[in-house]
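**Student:** let me see the structure of the following:
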Amino acid sequence: MAKRSNSSKPAAPQPESNLTYVRIIRNNYRNEQKALVPRATKSRHALRRREADIPDRANIRLAYAHDADTILHCRAYERYAEKTDMFFPLGGSASRRILGLQYAVKIARTIARCLSLNEDLAEAISYAHGLGNAPFGKVGSDFLSQHLRTIGVGVYSQPAQAVRALDALENDGAGLNLTLQTLDGVLAGRCDVQEPIIRPNPENLTWDALDGNVGSSLRVHDAEKGVYPATLEGCVVRATLILARFGSALEDGVAVGLIQREDLPDEVRSTLGSYYFDIINRVVMDVIDHSHDRDYIAFSGEIFDALRTLAGFIAERIVNTPPVQDESRRLTRVMENLYGLFLDDLDSGDESRTIFTQFVNTMPENYRRETPPSRVVCDFMAGVTDDFLVEQFTRRFFPRTIVNKFQKRNT
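**Tutor:** Prediction:
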């Protein structure tokens, strides 16, 4: 695949030469300064690895709004829209991950607005966070992590893979040049219920700290659990991802008949409610109440305990049930076979193979030279869609006559 040529890009407009643009930019910074509390993350403090084509100081979009737009237009986000959260029997797959992500974005913006924090940064982190998710949901991520650990080349970390994809793999290996503040929030965006109070760690707001934390997260299992966001906006997203994750799992479990709403523990129904939107409303109001005018993001003890109870219920009654686990084992075998196939293709050096045409040939020479083959296959598989892997498995492992018959029946 030919690389995109920067020389073919049209000349970027120069806002600093247009008085209307200059006024807009000044008003944007002035309005942000007035609207945000002192501990909020200001756009003027945004840090990038290199200056953007249109520098942030001359862009009519503030820095974190620019990040959000860049993420929405990248290939990883496009592919993410075709990934599934969890696979069920009795009707196939349930919610697409993109729905949970969209809920997370709206929740994060609402909380940030009410706390007078930077909504654009909360939005950008929320959009970017899920882009490290492997196909087939948790099954795919678990397989890649376990496999890498077995062969001794590190682990698969969803938050770290998201940063890796955005910072080093996208744009043919050049990365998207997102701000440090956005990437920091992505890496620290754990989805589990760890603690009722989430405090920012400003010491993480350096490029060296980010690179070190990404590296350790890709070497050591669960290393990212100890990484906390450097900004309050990152803490907001960390809190809201819990809601997005549990809500989609709850509604999917009801939709496929694994649970009924009356099965929910009494503590959950009385404290949070039985429907996703009731849960969102109660938790969002609780977080706003317990985080307002504070230098941290917090849940009340009652809400936090109910969320932990809900997490345990979802694990027991949905995720770990025999039907779901049986489906997970099937998908794990698909991942295992395809991983071995793509690794063989890579080792063959045949650049007509899919892993070359769809990925390796687009990457710079230093990536191909310095990245171990096992990690190359991991990067490739993590970035494709569920349907792509299903198509590859069918085409490469099923006899052609069976595939042809199946395709004819479905046309």
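**Student:** please make it C-alpha for all contacts and neighbour counts, starting now.
**Tutor:** OK.
**Student:** show me where pLDDT drops low in the stretch 51-200 of the chain?
**Tutor:** In the prediction, the stretch 51-200 of the chain carries residues with pLDDT under 70 at positions 85-97, 191-193.
**Student:** and if we set it to 50?
**Tutor:** Filtered on pLDDT under 50, the stretch 51-200 of the chain yields the residue ranges 90-94.
**Student:** run through the helices of it in chain order.
**Tutor:** Residue ranges of the helices in the stretch 51-200 of the chain, as given by DSSP state H, counting those that start in this stretch, are 63-72, 75-80, 97-114, 119-129, 137-150, 158-164, 180-187.
**Student:** for the second one, output the C-alpha coordinates as CSV.
**Tutor:** Just to be clear, that refers to helix 75-80. These are the backbone C-alpha positions of helix 75-80, laid out as CSV (Å, rounded to 0.1, in the frame of the first residue of the first chain):
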residue,chain,number,x,y,z
ARG,A,75,-8.5,4.9,10.9
ALA,A,76,-8.5,3.4,14.4
TYR,A,77,-11.7,5.1,15.3
GLU,A,78,-13.3,4.0,12.0
ARG,A,79,-12.4,0.4,12.7
TYR,A,80,-13.5,0.7,16.3
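**Student:** any buried residues in it, and which?
**Tutor:** 76-77, 79-80 (16 or more other Cα atoms under 10 Å).
**Student:** name the surrounding residues that touch that helix.
**Tutor:** Contact partners of helix 75-80, identified using Cα atoms under 8 Å, 6 or more residues apart in numbering, comprise 71-72, 97-98, 128, 130-131, 133, 165, 170, 383-385.
**Student:** what about 6 Å?
**Tutor:** Here helix 75-80 makes contact (Cα atoms under 6 Å, 6 or more residues apart in numbering) with residue 385.
**Student:** from the chain's centre, how far out does it sit?
**Tutor:** 10 Å (Cα atoms, centre = their mean, to the nearest Å).
**Student:** nearest to residue 275, out of the helices of the stretch 51-200 of the chain?
**Tutor:** Evaluated with Cα to Cα, those place helix 97-114 nearest to residue 275, the distance being 14.2 Å.
**Student:** and the contacts of that closest one?
**Tutor:** 81, 83-85, 119, 122-123, 126, 237, 240-241, 244.
**Student:** quick one: which of those is most hemmed in?
**Tutor:** residue 122 (35 neighbours; other Cα atoms under 10 Å).
**Student:** excluding sequence neighbours, find me the nearest residue to that residue.
**Tutor:** residue 233 (5.2 Å; Cα to Cα, 6 or more residues apart in numbering).
**Student:** phi, psi of residue 178?
**Tutor:** phi -70, psi 160 (degrees, to the nearest 10).
**Student:** against residue 79, how distant is it?
**Tutor:** 19 Å (Cα to Cα, to the nearest Å).
**Student:** one more: residue 127?
**Tutor:** Residue 127 is 13 Å from residue 79, by Cα to Cα.
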